[in-house]
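*Asks:* Sequence plus predicted model, see below.
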Amino acid sequence: MDDAAGRDNGGEGEPRDEVFLEGLRFFAYHGVNPEEKAQGQRFTVDVALRTDLRAAGETDDLSRTVSYSAVYKRVKAVVEGLPRDLIEAVAEEIARVILAEFPRVREVTVAVRKPAAPIAGAMLDAAGVRIVRTRAGAPR
């Protein structure tokens with residue numbers, strides 16, 4: 001059973017708090033097909049950062065949380081940066097940067113979507129990947 005702070009009383013007692021950004025939209029040049037690299041396309045990114053938010057909530061102190069503004073800037077730099085063949089590589093780089101630069105983050109979930117994925121005959125909202133990475137040594 002979960003307590004009011006979001007801890008699982010039957011487990012490790014680690015909070016399941018998150019700072020998240022959903023639906024970040026970028027234009028970039030990732031893809032295997034030559035036209036994707038030449039013309040570019042839209043990408044949508046979601047990130048969820050697992051961290052303990054109790055101290056921030058109790059003190060109302062920005063230094064006790066993870067700044068979603070700073071996270072946004074880093075995600076933007078990755079997505080709009082070096083073109084990659086695979087969105088898996090984009091997601092992996094986003095996760096690596098967040099874990100390296102935001103020490104309060106214990107775990108990060110990254111979703112990268114192509115709303116206009118080049119799949120012949122397909123009618124879909126998006127194709128994409130979702131990865132979960134945990135800081136080395138962090139409790140799971």
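*Replies:* Perfect, I can see it now.
*Asks:* quick one: buried residues of stretch 25-40?
*Replies:* Residues 26, 28, 29, 30, 31, 36, 40 are the ones in stretch 25-40 that count as buried (16 or more other C-beta atoms under 10 Å). For the C-beta atoms, the positions are set from N, CA and C on the backbone; glycine is no exception.
*Asks:* and the gap between the closest residue to residue 133 other than its chain neighbours and residue 123?
*Replies:* Leaving out its chain neighbours, the residue that sits closest to residue 133 by C-beta to C-beta, 6 or more residues apart in numbering is residue 95, at 4.1 Å. From residue 95 across to residue 123, the span is 30 Å (C-beta to C-beta, to the nearest Å).
*Asks:* Those two - which one has more neighbours?
*Replies:* residue 95 (21 against 5; other C-beta atoms under 10 Å).
*Asks:* got the contact list for the more buried one?
*Replies:* For residue 95, the contact set (C-beta atoms under 8 Å, 6 or more residues apart in numbering) comprises 108, 110, 131, 133.
*Asks:* Confirm the residue nearest to residue 133 sits in a strand?
*Replies:* No: applying DSSP: H, G, I helix; E, B strand; the rest coil, one finds residue 95 to be helix, outside a strand.
*Asks:* how near is it to residue 104?
*Replies:* Applying C-beta to C-beta, the value for residue 95 to residue 104 is 15 Å.
*Asks:* again, but for residue 58
*Replies:* Here the criterion is C-beta to C-beta. By it, residue 58 lies 15 Å from residue 104.
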